[in-house]
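Q: Sequence first, predicted model second:
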There are 2 protein chains.
Amino acid sequence: MKKGQVTIKDIAKELNISCSTVSRALKDFPGISPSTKKAVTELANKYNYRPNSIALSLRNQRTNVIGVIIPETVHFFFSTVISGIEDEAMKEGYNVMICQSNENYEREADSIDALMSARVDGLLVSISRETSDLEHLKKVVSEGTPMVFFDRLVEGMNASSVIVDDYQGAYDAVEHLIEQGCRHIVHLSGPSNLIIGRKRKEGYISALEDYEIPINEDNIIECRNGTEQEAERAMTQLLASGKKIDGVFASNDMAALGALKAVKKANIRIPEEVAIVGFSNWQFSSLIHPTLSSVAQPGYEMGREAAKLIFQEINESSNGKSIIRILDTELIVRESSDRKTVKAAMP
Amino acid sequence: MKKGQVTIKDIAKELNISCSTVSRALKDFPGISPSTKKAVTELANKYNYRPNSIALSLRNQRTNVIGVIIPETVHFFFSTVISGIEDEAMKEGYNVMICQSNENYEREADSIDALMSARVDGLLVSISRETSDLEHLKKVVSEGTPMVFFDRLVEGMNASSVIVDDYQGAYDAVEHLIEQGCRHIVHLSGPSNLIIGRKRKEGYISALEDYEIPINEDNIIECRNGTEQEAERAMTQLLASGKKIDGVFASNDMAALGALKAVKKANIRIPEEVAIVGFSNWQFSSLIHPTLSSVAQPGYEMGREAAKLIFQEINESSNGKSIIRILDTELIVRESSDRKTVKAAMP
DNA sequence: CTGAAAGCGCTTACAG
DNA sequence: CTGAAAGCGCTTACAG
């Protein structure tokens, strides 16, 4: 018995017919005699024949594979996006090749090259924190491979994207803090080379302006890595400075968590003295103590939308228009910022 | 300008030489004149030539792609495994195709077919909760594609696996509960068609036996879905029955969380009255209140080991021996089961 | 030092 | 109704 999967040639040989005939029999081609068709399909079943996608890809000049570049798979939001991409791809008969950049520019560029070599039909990418040079991405576009950005989009490129309304999400969060009575709100911002970071900061500033609260630049602290430790350190320092602070809006939940820990350690009550809102709404936001208010991002939906967009571009041979799909966020208020419930609970 | 990526043929045409020569020039083949070599490499650079992996795959009968079948990407443990696979694969020059089964047998079988069609060089699989028929997996082996199981392995198949020592992990957890003074320990078990579920149950039973604590079958509750809700319901019911319970060992952290919530709602103190230990050590285990003791599984390492094993099997044209790599777990004791610290803290 | 040919697995326009 | 041929992009044994 021959090793490896059966080919059309194997079937043809065994039946003493040509490959052409086998190929046609396998796909209900019009003029094929019922008897050969039967013989072929039976043998194909018996040997568990599966069309060789590689051969098909070469011939059809399309692989039915999409590539995904993602900063980290171990991340609630991103794993949710992957899940959405996966489900949509499977539905459409595509396979998914995933590369994680680990937030590293070099690796992102290498991964793009690997996926382009693999001749993926389209690319879904969320750039790394480090990425500012866009040459590797521009090459993709100039070589005619459809590309869609998700979450972390890139400006000045002719490519579609799926994002959430970061500005509005941030605005909602800060407005909520203001309504809770906060007047001295710290913003732990994301890295400014990511648009999501800038947009969330803009939302923060606009909300303060609309409520005529003066903006204090010292209250805006850039957290480059977005880690819990980094935020905790920054927050501890800020609290030690003796400056008046009564609210925190963090541009991601890990940073919010760091801030929360710093505040707790300083024996300052949450939310009565300092109210906290994060961004992203991880699975754990509802589990920590106090539970963390957060701006929820629809990751699964983002994955599905990004996949839908890329399939559209692959199939319509791209009419050239780039689409930006903006998904709504939802503010989830929990204990860390809910002063009303707290007061009601302690008469 | 031609659309799409440049081929050897394009370069050959522009230089008026044959494809053979271009191919050889590109790969430092001995007897190639320095001048042609220079011309070729310059043009290749200029046009950003990337070898077409599809063509190479067809010729070499190997794709340098491995397929991964995973129950869910949105799951801390599994996303960690993916990360390990990803890192190891990138290091070895492989691409990774991922399919999530969503714990669904049908979809698992379809995904295997898709990956086999794609002619992946090897398959890394963790079966779905539903899977009991193994035909789809046996086909893979009989067709000569290397396959390695991780976490959820399968018995009676000639395939390598990477698992953690579920028995020992469970034993450690239960022994720890006993040392804390627990004598009436509930086990929220995993589905019995998964070996990990059975092994953890065995560890639970052995620990009780070794400490001469009678085993009460009513205290072993199978949680088929492993969801928080399912466990919370089961636990609430058990508490309401009035039976004496002073410890819980859950075979996964979501179930532990459900149990924890049920106990809290019943106004029973953790860990003083009921101590709880989970399995898996999610990111959130240290964030909930009280923090959750758990048996930590090295997911990242599991991913890397599984990838290493499959590469080995791919390259050594499989000497046929199947290897079982068992990784150690580590019991992480936190508030939910640490009675000593609690007592010390309340004199 | 370079080229023509064959072949990986498949499909399809062209003959018969 | 069926087959031979060409071609997708690449490599390599065989000639020269």
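A: Here it is on my side, so go on. Residues are numbered from 1 along each chain as shown, chains lettered A, B, ... in the order given.

Q: Where does the stretch 101-250 of chain A get nearest to DNA strand C, which residue?
A: Residue of the stretch 101-250 of chain A nearest DNA strand C, by C-beta to the nearest atom of the strand: residue A:119 (13.3 Å). Any C-beta I mention is one placed from the backbone N, CA and C, and that applies to glycine too.

Q: May I have the phi/psi pair for that residue?
A: Main-chain dihedrals, residue A:119, degrees, to the nearest 10: phi 60, psi 40.

Q: Identify the residue spatially nearest to residue A:324, adjacent ones excluded.
A: Nearest residue to residue A:324 in three dimensions, chain neighbours excluded: residue A:161, at 5.2 Å (C-beta to C-beta, 6 or more residues apart in numbering or on different chains).

Q: Tell me which helix or strand that neighbour sits in.
A: Here residue A:161, judged by DSSP states H and E, is contained in strand A:160-164.

Q: then the helix or strand that that strand is followed by to PDB, C-alphas only?
A: Next helix or strand after strand A:160-164 toward the C-terminus (DSSP H and E): helix A:166-179. The C-alpha coordinates for helix A:166-179 follow below in PDB (Å, rounded to 0.1, in the frame of the first residue of the first chain):
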ATOM      1  CA  ASP A 166     -12.400  54.500  20.500                       C
ATOM      2  CA  TYR A 167     -13.100  58.200  20.700                       C
ATOM      3  CA  GLN A 168     -16.700  57.700  21.700                       C
ATOM      4  CA  GLY A 169     -15.900  54.900  24.000                       C
ATOM      5  CA  ALA A 170     -13.400  57.000  25.900                       C
ATOM      6  CA  TYR A 171     -15.800  59.900  25.900                       C
ATOM      7  CA  ASP A 172     -18.500  57.800  27.400                       C
ATOM      8  CA  ALA A 173     -16.200  56.500  30.100                       C
ATOM      9  CA  VAL A 174     -15.000  60.000  31.100                       C
ATOM     10  CA  GLU A 175     -18.500  61.500  31.000                       C
ATOM     11  CA  HIS A 176     -19.600  58.800  33.300                       C
ATOM     12  CA  LEU A 177     -16.800  59.600  35.700                       C
ATOM     13  CA  ILE A 178     -17.800  63.200  35.600                       C
ATOM     14  CA  GLU A 179     -21.400  62.300  36.300                       C
END
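
Q: From DNA strand D, how far out is the residue in the stretch 201-347 of chain A that DNA strand C sits nearest to?
A: Nearest to DNA strand C in the stretch 201-347 of chain A, going by C-beta to the nearest atom of the strand, is residue A:315, at a distance of 16.4 Å. Distance of residue A:315 to DNA strand D, computed by C-beta to the nearest atom of the strand, to the nearest Å: 20 Å.

Q: mind checking the SS state of residue A:295?
A: strand (DSSP: H, G, I helix; E, B strand; the rest coil).

Q: mind listing what it touches?
A: Counting by C-beta atoms under 8 Å, 6 or more residues apart in numbering or on different chains, residue A:295 makes contact with A:169-170, A:172-173, A:277-281, A:329-332.

Q: Up against DNA strand D, what does chain A have?
A: By C-beta under 7 Å from any atom of the strand, the residues of chain A that approach DNA strand D are A:16-21, A:24, A:31-36, A:55, A:58-59, A:61.

Q: The same query, at a cut-off of 6 Å, please.
A: A:17, A:18, A:20, A:21, A:31, A:32, A:33, A:36, A:58, A:59, A:61 (C-beta under 6 Å from any atom of the strand).

Q: just how off-centre is the strand holding residue A:161 within its chain?
A: Distance, stretch centre to chain centre, for strand A:160-164: 9 Å (C-alpha atoms, centre = their mean, to the nearest Å).

Q: other SSEs contacting that strand?
A: Judged by 3 or more C-beta pairs under 8 Å, 6 or more residues apart in numbering or on different chains; DSSP states H and E, the packing partners of strand A:160-164 are strand A:147-150, helix A:299-315, strand A:324-327.

Q: Could you provide these in JSON lines, with additional columns for mean pLDDT and mean neighbour count?
A: Putting the helices and strands packed on strand A:160-164 into JSON lines (pLDDT from 0 to 100; neighbours: other C-beta atoms under 10 Å in any protein chain shown) gives the following:
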{"stretch": "strand A:147-150", "mean pLDDT": "96", "mean neighbour count": "26"}
{"stretch": "helix A:299-315", "mean pLDDT": "95", "mean neighbour count": "22"}
{"stretch": "strand A:324-327", "mean pLDDT": "95", "mean neighbour count": "15"}
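
Q: Can you go through the contacts of residue A:295 and name the buried ones?
A: A:169, A:170, A:172, A:173, A:277, A:278, A:279, A:280, A:281, A:329, A:331, A:332 (16 or more other C-beta atoms under 10 Å in any protein chain shown).

Q: so which of the residues you listed comes closest to residue A:234?
A: Taking C-beta to C-beta as the measure, residue A:234 sits nearest to residue A:278 out of the buried ones among the contacts of residue A:295, at 14.6 Å.

Q: What ranges does chain A have for its helices?
A: A:8-15, A:19-26, A:34-46, A:53-60, A:76-91, A:105-117, A:135-142, A:166-179, A:195-210, A:228-240, A:253-265, A:299-315, A:339-345 (DSSP state H).

Q: Worst mean pLDDT among those?
A: Note on the helices of chain A: helix A:339-345 shows the lowest mean pLDDT, a mean of 66.

Q: Start and end of stretch A:85-99, how far apart?
A: For stretch A:85-99, the first-to-last residue distance is 14 Å (C-alpha to C-alpha, to the nearest Å).

Q: So for it, what gets flagged as buried?
A: Buried, per 16+ other C-beta under 10 Å, within stretch A:85-99: A:85, A:86, A:87, A:88, A:89, A:90, A:94, A:95, A:96, A:97, A:98, A:99.

Q: Domain ranges for chain A, per the record?
A: A:8-51, A:63-164+A:299-326, A:166-297+A:331-345 (automatic domain parsing).

Q: Output those in TSV; the columns should cover distance to residue B:253.
A: Output for the domains of chain A, formatted as TSV (distance: least, C-beta to C-beta, whole Å):
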stretch	distance to residue B:253
domain A:8-51	38
domain A:63-164+A:299-326	14
domain A:166-297+A:331-345	11
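
Q: what's the closest of those to residue B:196?
A: Judging these by C-beta to C-beta, what sits closest to residue B:196 is domain A:63-164+A:299-326, at 20.6 Å.

Q: gap between the closest one and the chain center?
A: Mean C-alpha position of domain A:63-164+A:299-326 versus that of the full chain (C-alpha atoms, centre = their mean) differs by 9 Å.
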